[in-house]
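> missing the sequence, but the structure's below:
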C-alpha cells in the first residue's frame, strides 16, 4: 500500500486539478495546498490494511475490530460536584458525569473510557479538547491501521493528519471554519445534491448539500454516488463516504442503549455511587456482547434473560436483610408490636360482613360511617386496602 505522502503525486491529471487559485493563495501547513477533484466518482482513497484479526476474538482485552468510534457519554447525576456537566442533546441524561468513550462500531462494545475532569483539572491541549480525547483513547492502538469515526466536536485537519502519521485512518464530520480547512468551503453556495471534493497529502475533504451543507474529512473511502434508502424508505443518492460515516458512527449510542435497558434507577447525592453502578452495568453489557457474538450454543438467551441469570449467579444464596423494607425505619423499642413486625395480608371478612376502617373511620374523615368488606385477619380490624392497610402496619401512630 502506498504511503499517504506519495498519493497526491501519483494522481491522474484528469481526476485532480491543481489550478484552484482560491485554495492555493495561502496555506499555513507544510502539507501543501488543497487540490480540487474534478471527477469524484473516479477518485478513491486507500482502504486500511488492518493488522489484527476481526470477529469474536477481538472482544478480548487489548484487541479492537477495524472500525471503531469515539463519542461522549453521560452518567446521570444531579447532585453537587465539580465534575457535573450539562449536554443538551443527550435525551437519557442531560446532567451528569461526562465520559470519553472508545467503542466498537458494530457491536457497541466499549473498549476504553476516560472521565472528563473539567477544564480546571485537566491539562490544556494546544490542539483542543477533542483532539486530546481521541489521542488518549487511541494511544494503545496506533500503527495497526484501525479506522476511527468521530463527529464535528473532535474532527480537525490536525487530528486527521496526526492519526494518519500513526497509521490510523479516520472519518468525521467537520466544522468548515476549522483551521487548515479549504477556504472555498467556508462561503460555498451549493444546491441540494451538489458535491465538492478536495484532496491534500492523503486526506480527502468532502462537502455535500442535503437539507443543509455537510463537510467531512477522511483518509479512506470514496465520494462516488451510491443508492441507499433513507429513514422514510425512499431511494436516495448520497456520497459513499456519507454512508460509511452513518454506519460506523453509532457504536457508542448502541452501547448506551444496551446499558440504559437495565440501568439502576436510584437517587444518590454521592457521585461515586453513580459511577460504580454504571461500571457494573457496563461490565454486564460487556459479558452479554461476548456471549452473544462469541459462544457457539444451540439456544442463546436474550438480553433480559442473560441479565437475570447473571444477577442470580452473582447473589446466589447469600441474600441478607429483612424482607420488610418498612421495618428498617421503625425504632427498635417498637419492633415487638405484632402489627409492625409480623407478615400480614388483607382478606375478605367472612360471611359477607363489613367493618369500619380502623385508620380512616371516626377521625374526622369523609368515610366516618362507611363500612368496608376488607380486614386484617390476624389483627381482627377492618382496613382499607389502598393506603390504610400499609399505614396501620408500618406506623406507630397511624391516626396521624
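Noted; the coordinates are in hand. Just so we're clear, the structure is a prediction, and the values are computed from it rather than from any experiment.

> any idea how far the nearest residue to residue 286 once chain neighbours are set aside lies from residue 275?
Excluding the flanking residues, the one nearest residue 286 by C-beta to C-beta, 6 or more residues apart in numbering is residue 109, at 6.6 Å. Using the backbone N, CA and C atoms, a C-beta is placed for each residue, glycine as well. Relative to residue 275, residue 109 is positioned 20 Å away (C-beta to C-beta, to the nearest Å).

> Compare those two and say which is more crowded by neighbours.
Comparing residue 109 with residue 275 by other C-beta atoms under 10 Å, the one with more neighbours is residue 109, at 24 against 17.

> Backbone dihedrals for that one, both of them.
phi -70, psi 120 (degrees, to the nearest 10).

> For it, give me its contacts.
Applying C-beta atoms under 8 Å, 6 or more residues apart in numbering to residue 109 gives the contacts 59, 103, 251, 255, 286, 289-290.

> which parts of stretch 268-275 are buried?
With burial defined by 16 or more other C-beta atoms under 10 Å, the residues of stretch 268-275 counted as buried are 271, 274-275.

> quick check, nearest of the residues you listed to residue 239?
Among the buried residues of stretch 268-275, residue 275 lies closest to residue 239 (C-beta to C-beta), at 40.3 Å.

> what are the ranges of the helices in the stretch 101-250 of the chain?
Assigned by DSSP state H, counting those that start in this stretch, the stretch 101-250 of the chain shows helices spanning 129-138, 157-165, 240-248.

> what's near enough to touch the residue nearest to residue 229 when sequence neighbours are not counted?
Counting by C-beta to C-beta, 6+ apart, residue 235 is the residue found nearest to residue 229 once chain neighbours are left out, at 6.2 Å. Shown in contact with residue 235 (C-beta under 8 Å, 6+ apart): 227-229.

> who wins for neighbours among those residues?
Per-residue neighbour counts (other C-beta under 10 Å) across the contacts of residue 235 peak at residue 228, which has 13 neighbours.

> who's it bridged to?
residue 236 (DSSP bridges).

> How much space separates it from residue 244?
For residue 228, the distance to residue 244 - C-beta to C-beta - is 11 Å.

> same thing with residue 43?
Counting by C-beta to C-beta, the separation of residue 43 from residue 244 is 15 Å.

> And residue 185, by the same measure?
Residue 185 is 20 Å from residue 244, by C-beta to C-beta.

> How about residue 280?
Taking C-beta to C-beta, one finds residue 280 at 34 Å from residue 244.

> can you check residue 235 too?
18 Å.

> Over to residue 140?
24 Å.

> Who has more neighbours out of the two?
Taking other C-beta under 10 Å, residue 140 and residue 244 do not tie; residue 244 has more neighbours (20 against 12).

> my guess is that one meets residue 221, correct?
Yes - with contact taken as C-beta atoms under 8 Å, residue 244 and residue 221 are classed as touching, separated by 5.2 Å.

> Which SSE is immediately downstream of the helix or strand bottoming out on mean pLDDT in the chain?
Ranked by mean pLDDT, DSSP states H and E, the weakest helix or strand in the chain is helix 21-24, scoring a mean of 49. Proceeding N to C from helix 21-24, the next assigned helix or strand is strand 35-37, under DSSP states H and E.

> Now residue 247. Nearest residue, chain neighbours left out?
Using C-beta to C-beta, 6+ apart, the closest residue to residue 247 is residue 105 (7.3 Å).

> wait, what's in contact with the one you found?
Contacts of residue 105 by C-beta under 8 Å, 6+ apart are 65, 67-69, 149, 247-251.

> Distance to residue 262 and neighbour count added to these, as TSV?
Formatted as TSV, the contacts of residue 105 follow (distance: C-beta to C-beta, whole Å; neighbours: other C-beta atoms under 10 Å):
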residue	distance to residue 262	neighbour count
65	25	22
67	26	22
68	24	26
69	23	27
149	27	27
247	26	13
248	26	20
249	24	20
250	20	19
251	19	27
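
> out of those residues, who's nearest residue 203?
residue 149 (14.9 Å).

> And for residue 315, the neighbour number?
Residue 315: 10 neighbours (other C-beta under 10 Å).

> what's the distance between it and residue 308?
11 Å.

> which residues touch the residue of the chain positioned farthest from its centre?
When each C-alpha in the chain is compared with the mean C-alpha position (C-alpha atoms, centre = their mean), residue 351 comes out farthest, at 59.4 Å. By C-beta under 8 Å, 6+ apart, the contact set of residue 351 is empty.

> pretty sure it is in a helix, no?
Yes - when classified by DSSP: H, G, I helix; E, B strand; the rest coil, residue 351 is found to be part of a helix.

> isn't residue 391 right next to residue 398, touching?
Yes - counting by C-beta under 8 Å, residue 398 is a contact partner of residue 391 at 5.0 Å.

> Cool, thanks, signing off.
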